[in-house]
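Enquirer: The sequence isn't on hand, but the structure is:
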């Protein structure tokens, strides 16, 4: 089990929205859905586009704007290609107004 680290202010991610944070050189996307935080690799496994920068979030599914790959942000699973590999996901929480992820 890893340690939780603070990545940014909780108010940086509105309900139904995503934001990207640089976590030790890795782009991590954070989404807030129904009040819950989800953390995931912000890089589409198809061709490396940012998922949070222009992706379409619908519930716990995010669609990459580049080629339409769809992922589950709660499990990382590929829901629709052309991506064939899942994205990484991380436990996330809000503590004292800060977003923390387990790394």
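Expert: Structure's in. What do you need? Since this is a predicted model, take the numbers as computed values, not measurements. Numbering: from 1, shown residues only.
Enquirer: Who are the packing partners of the one helix or strand in the chain whose mean pLDDT sits lowest?
Expert: Comparing every helix and strand of the chain by mean pLDDT, DSSP states H and E singles out helix 51-54 as the least confident one, with a mean of 91. Taking 3 or more CB pairs under 8 Å, 6 or more residues apart in numbering; DSSP states H and E as contact, the helices and strands that helix 51-54 lies on are strand 18-23, strand 26-33. Every residue, glycine included, has its C-beta placed from N, CA and C.
Enquirer: just checking, which of those strands sits deepest inside the structure?
Expert: Stretch with highest mean neighbour count among those: strand 26-33 (a mean of 21; mean count of other CB atoms under 10 Å).
Enquirer: So what angle separates the directions of that strand and strand 18-23?
Expert: Using axes from the mean of the first three to the mean of the last three CA atoms, to 10 degrees, the interaxial angle of strand 26-33 with respect to strand 18-23 works out to 150 degrees.
Enquirer: which outside residues touch strand 26-33?
Expert: Outside of strand 26-33, the residues that reach it under the criterion CB atoms under 8 Å, 6 or more residues apart in numbering are 7-8, 12-22, 37-43, 50-52, 57, 59-60, 62, 73, 90, 92, 99, 101.
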